[in-house]
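[1] I'll drop the sequence and a predicted model, then ask my questions.
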Amino acid sequence: MIASIIVSVIVSSAVSISIEVLRAKHQYKKQSKKQIDELRKKYADK
């Protein structure tokens, strides 16, 4: 009984961590794309 509770806690925490990681990656991609666009604009203006 206790073992199954521990397993479910571990699984749920692992899932939440992986979701956070995916979200962070998505945010990072967005940020880097924005920065690349800004750099392109800067060089286009010159």
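    Structure's in. What do you need?
[2] separation between the most centrally placed residue in the chain and residue 17?
    For the chain, the residue nearest the mean C-alpha position is residue 24 (1.9 Å; C-alpha atoms, centre = their mean). Separation of residue 24 from residue 17 (C-beta to C-beta, to the nearest Å): 11 Å. Heads up, the C-betas are built off the backbone N, CA and C, glycines and all.
[3] contacts only, for residue 14.
    Residues near residue 14 by C-beta atoms under 8 Å, 6 or more residues apart in numbering: none.
[4] that one and residue 24: what is the separation?
    From residue 14 to residue 24 the distance is 16 Å (C-beta to C-beta).
[5] and what of residue 31?
    Applying C-beta to C-beta to residue 31 and residue 24 gives a distance of 10 Å.
[6] which strand or helix spans the residue nearest to the centre of the chain?
    Taking DSSP states H and E as the criterion, residue 24 maps to helix 2-45.
[7] can you pull the pLDDT of residue 16?
    For residue 16, the pLDDT comes out at 95.
[8] next: residue 42.
    In this model, residue 42 carries a pLDDT of 90.
[9] and it, how many residues sit next to it?
    Around residue 42 there are 9 other residues, counting by other C-beta atoms under 10 Å.
[10] dump the residue contacts of it.
    By C-beta under 8 Å, 6+ apart, residue 42 has no neighbours at all.
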